[in-house]
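1. here are the coordinates; sequence isn't available:
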């Protein structure tokens, strides 16, 4: 029989008991502590560093990710170190995942009020010897529309008491074709729903008063599934290769939704039982995991999911804690890697109704791209987001407190701005773009993406720039953005040659996708009326710098418009107006999906797109 050992976690002050041979990474997860791990704890990325203060353990494979100095300090990879005795562990700041800056605002669209679940107050005549109609028939007659509706057995069991408790005055809860609940008395004034945008990295919930169609609360969380990997491919692998992987990922996203729900009801002063509908949107993998459906074949050629259309079920069937009569609806997808969040973005931006050609892009953990107008829409997906969310960047991190989010080089110095105005810990995606763009303008980075050494710099390069260029043993050519004396960790924050290459791969994939969509539609840059930037990252980047590095196409800046969390906006629209489900279904069916992996021009286009544009007037 295996022994159980105590793992104490500092400075959190938490303690868990785990079985002999459990990884430190798993122990931290049991304690509810998420640390960095782009690979989901598979020992590949080397980012889950922790320090063992005391205790017995064994490790395999940590050494190749750790310097001699780190090993001497007792650092190990949490995923590669196995607990063999009582242990005390410290989590360094650089390994922590902090609650990040999450975009909750999006487009505002006015739509008529007709939610998918309705509440109707009825007054049915009391039975008598002269009127012996059964209870169900009385309710159907009182509804007055002559429609035949389905009803669950559980509801029939509740009818007798609910009707008589309210003295034959009751509120019937119904969808278009089914009666789903009944409440005594008139409860029509208590009718709410929540629209959820389930992102790979973040989850946002919007509480809507369905009697008025207004938003009364918003709450957000980092998606707890990140503890099993930063990207969808890693999570698909975990769900498919681990015995209870799918159950764990499904359970985590449902727990997150329930936590957000509890926060919303607490801050708004309503009761959880008054929430009757949730609408969930997300990429295809997130939709599958939320429904508890295996996403295994999304990662296998030809990348096919289990369902494409929207799906409705009882919320309780998913473990979502709202009204016992509550329903849950997931938005339709477009393809394996273009999901309901893209459908919601198209719906909210009205791209499907535009006369002119527009290009919409949501740069998250994945990049979803859509181009076209009311006559034809084409879409594709690129695996571009991890670098822009800090993954695989030397000192990268998500957009949370202490992250450098803005870099400006001018007037003989470097100015930075951090989220929360805290001492810097690392660099997030917006500042990554800024840093490369600023150094590109100074000639420190050439068109091919090479960071020049001091002796290679052009004449006239400022002295303070030369001083910050170093030849690092591990990272080769590097640029010191912030000296160690100014950071929370005491270590300098660098932009390295490796970071530039990772950025080139990410931006090259997005720009190549854009070029393939143009080619498919037979249009040129001049034909694009607008570029719509959706999502948190798209909302915070500086357009000029994004153009300088070639992340955005070479079109006038006034044509580039931020549209915020358009996926969340689209979900809210469906929550308020049920008829929009049909429009969302048409968008799903009519949008053409381009699989870049099989496009004969993609590899050549991608290679060319990795280069940085020549420095011209970018206004």
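-> Noted; the coordinates are in hand. Not measured: the values here are computed from a predicted model.
2. okay, CA-based contacts and neighbour counts for the rest of this
-> Will do.
3. Residue 89 in helix, strand or coil?
-> At residue 89 the chain is in strand, as set by DSSP: H, G, I helix; E, B strand; the rest coil.
4. Show me the beta-bridge partners of it.
-> residue 9, residue 52 (DSSP bridges).
5. number of nearby residues for it?
-> 21 (other C-alpha atoms under 10 Å).
6. Please tell me I have it right and it contacts residue 51.
-> Yes: counting by C-alpha atoms under 8 Å, residue 89 does reach residue 51; the two are 5.8 Å apart.
7. Where does the prediction get shaky in the stretch 101-250 of the chain?
-> 101-110 (pLDDT under 70).
8. the strands in it, which residues?
-> Counting by DSSP state E, counting those that start in this stretch, the stretch 101-250 of the chain has these strands, from start to end: 118-123, 169-174, 179-184, 192-198, 202-209, 214-222.
9. Serialize those strands to JSON lines and add fields for distance to residue 490 and mean neighbour count.
-> JSON lines is the format used below for these (distance: least, C-alpha to C-alpha, whole Å; neighbours: other C-alpha atoms under 10 Å):
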{"stretch": "strand 118-123", "distance to residue 490": "58", "mean neighbour count": "20"}
{"stretch": "strand 169-174", "distance to residue 490": "59", "mean neighbour count": "22"}
{"stretch": "strand 179-184", "distance to residue 490": "59", "mean neighbour count": "22"}
{"stretch": "strand 192-198", "distance to residue 490": "36", "mean neighbour count": "29"}
{"stretch": "strand 202-209", "distance to residue 490": "29", "mean neighbour count": "24"}
{"stretch": "strand 214-222", "distance to residue 490": "27", "mean neighbour count": "18"}
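10. Including distance to residue 56, could those go into TSV?
-> What follows is those, written out as TSV (distance: least, C-alpha to C-alpha, whole Å):
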stretch	distance to residue 56
strand 118-123	60
strand 169-174	59
strand 179-184	56
strand 192-198	40
strand 202-209	36
strand 214-222	32
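11. didn't residue 53 look like it was pressed against residue 75?
-> No: with contact defined as C-alpha under 8 Å, residue 53 does not count as touching residue 75 (9.1 Å).
12. Now do stretch 229-245: distance from first to last residue.
-> Chord length of stretch 229-245, first to last residue, is 12 Å (C-alpha to C-alpha, to the nearest Å).
13. err, stretch 76-86, not the other one
-> Taking C-alpha to C-alpha, stretch 76-86 runs 16 Å from one end to the other.
14. Please spell out which residues along that stretch are buried.
-> Under the neighbour-count criterion of 16 or more other C-alpha atoms under 10 Å, stretch 76-86 has 76-86 buried.
15. Please convert those to CSV, extending it with secondary structure, distance to residue 403 and pLDDT.
-> Shown next, in CSV, are the buried residues of stretch 76-86 (DSSP: H, G, I helix; E, B strand; the rest coil; distance: C-alpha to C-alpha, whole Å; pLDDT from 0 to 100):
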residue, secondary structure, distance to residue 403, pLDDT
76, strand, 24, 88
77, strand, 23, 88
78, coil, 23, 86
79, coil, 25, 85
80, coil, 27, 85
81, strand, 28, 87
82, strand, 31, 87
83, strand, 32, 88
84, strand, 36, 88
85, strand, 36, 88
86, strand, 34, 90
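16. got the contact list for the residue lying closest to residue 335 once chain neighbours are set aside?
-> Distances taken as C-alpha to C-alpha, 6 or more residues apart in numbering place residue 593 nearest to residue 335, at 6.7 Å, with adjacent residues excluded. Neighbour list for residue 593: 334-335, 378-380 [criterion: C-alpha atoms under 8 Å, 6 or more residues apart in numbering].
17. okay, among those residues, which ones form the most distant pair?
-> 335 and 378 (11.5 Å; C-alpha to C-alpha).
18. Tell me which of those two has more neighbours.
-> Shown here are residue 335 and residue 378; by other C-alpha under 10 Å, residue 335 has more neighbours (26 against 20).
19. Who are the contact partners of residue 421?
-> With C-alpha under 8 Å, 6+ apart, residue 421 has these contacts: 401-402.
20. I'd like to know how far it sits from residue 404.
-> As for residue 421, its distance to residue 404 is 9 Å (criterion: C-alpha to C-alpha).
21. I'd like the distance between the spatially most central residue of the chain and residue 280.
-> In the chain, the residue lying closest to the centroid (C-alpha atoms, centre = their mean) is residue 199, at 2.2 Å. Separation of residue 199 from residue 280 (C-alpha to C-alpha) stands at 10 Å.
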